[in-house]
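> got a sequence here, can you model it:
(chains A, B and C)
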Amino acid sequence: MIDGVPTCPECGSSNIEHDSFRAEVSCSRCGEVILESMIDEGQEWRAFDADQRQEKARAGGPLSFTKPNRGLSTHIDQFNRDDSGKSLPAYTRNQMYRLRSWHKRASTSTSMERNLKTALHELKRIISTLRLPHAVAEETAMIYRQAVRKGLIRGRLIEEVLTSCLYITCRKRRIPRTLDELAEVSGIDKKDIGRTYRFLKDELDIEVPLSNPVDYIPRFASQLDLNGKVQEEAKRILEEALHMGLISGRGPTGVAAAALYISSVTLGEKRTQKQVAEAAGVTEVTIRNRYAELKEEMNLTVNA
DNA sequence: AAGACGAAAGTGGTTGA
DNA sequence: TCAACAACTTTCGTCTT
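Predicted structure coming up:
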């Protein structure tokens, strides 16, 4: 199944290490992360005839879902020169010619591949802008592939579907990003993301847990430069509020913001409602309303 | 002057007939 | 498809520190 020894494209070393959990492959000599399956690695040019190509097609997809044609994405120029600038001998020229045509066919042969190419490029950009872990990109790409396979893209923008896939992943992994945040980096309208998200969730039968205000605490807190103690207190308040049924039906970010506001005040690390509101992406009024509800129901003493 | 508070009216999304 | 509805926002006047 695997023909040829994989080598690092950076330094040429064959000391390749696999991290199966993250589906990452890296070179142990130079540290280059290859993010690639051994099957795709480097040796694709050996498929010189249809039978071999067939065989490779059945050998399975790459381990990294974000790199559909890695190893084939090398550019081969048209000048037929070796690296010292001399013309290649006829035999090699022919070989290069065949190599180029296979390369081209393999990289952009199907509309699915073209679609993925666009989408994954965009995904990479969004993931890095939001500083989300690579595993999120992998999972998002996997969901996106399912969507493409089921023909769910038709009539929708690639970016729209992609962003919705990312939203699903974030919700599933409990690394919450609000629709507003995703809308901002993707340039897709919030309500379009939401609508497509629901559509995909139904069509692909994906279970998405309800979003939990607690998940927002660390991020908001760090934006407000609040320490761990304040975070713990905010979480404790949310736990209690949850048991008392004070959370259902309320926007998770608003509740999280209120809990954070309360704990910042009680622990003498006070932030203004305005600051908290800004970090959480809600208004001061919402914080006040949640705050009033929590205070009312949980006889909290919120005095500095 | 800045922050907190709350009333009132407006907005966008969900739900159920 | 439409109306009712809840959550949230915007705006603004008032009170407190």
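> does A:Glu122 sit in a helix, a strand or a coil?
helix (DSSP: H, G, I helix; E, B strand; the rest coil).
> let me redo that: A:Ser211
The assignment at A:Ser211 comes out as coil when based on three-state DSSP.
> quickly find the element holding the residue in the stretch 51-200 of chain A that DNA strand C sits nearest to.
Relative to DNA strand C, the nearest point of the stretch 51-200 of chain A is A:Asp180 (9.1 Å; C-beta to the nearest atom of the strand). From N, CA and C alone the C-beta is placed, and that goes for glycine too. Per DSSP states H and E: A:Asp180 is located in helix A:179-186.
> in that helix, what's buried?
Neighbour-count burial for helix A:179-186, counted by 16 or more other C-beta atoms under 10 Å, picks out A:Leu179, A:Glu181, A:Leu182, A:Ala183, A:Val185, A:Ser186.
> show me which pair in the residues you listed is furthest apart.
By the measure C-beta to C-beta, A:Leu179 and A:Val185 form the most distant pair in those, at 11.4 Å.
> just the strands in the stretch 101-250 of chain A please.
In the stretch 101-250 of chain A, no segments count as strands under DSSP state E, counting those that start in this stretch.
> what does the stretch 201-304 of chain A have sitting close to DNA strand B?
Contact residues (C-beta under 7 Å from any atom of the strand) of the stretch 201-304 of chain A with DNA strand B: A:Lys270, A:Thr272, A:Gln273, A:Lys274, A:Glu284, A:Val285, A:Arg288, A:Tyr291, A:Ala292.
> just to revisit the earlier point, contacts only, for the residue of the stretch 51-200 of chain A closest to DNA strand C.
A:Lys190, A:Gly281 (C-beta atoms under 8 Å, 6 or more residues apart in numbering).
> apply 6 Å and report the result again.
Contact partners of A:Asp180, counting by C-beta atoms under 6 Å, 6 or more residues apart in numbering, are A:Gly281.
> that one and A:Met142, how far apart?
Distance of A:Asp180 to A:Met142, computed by C-beta to C-beta, to the nearest Å: 25 Å.
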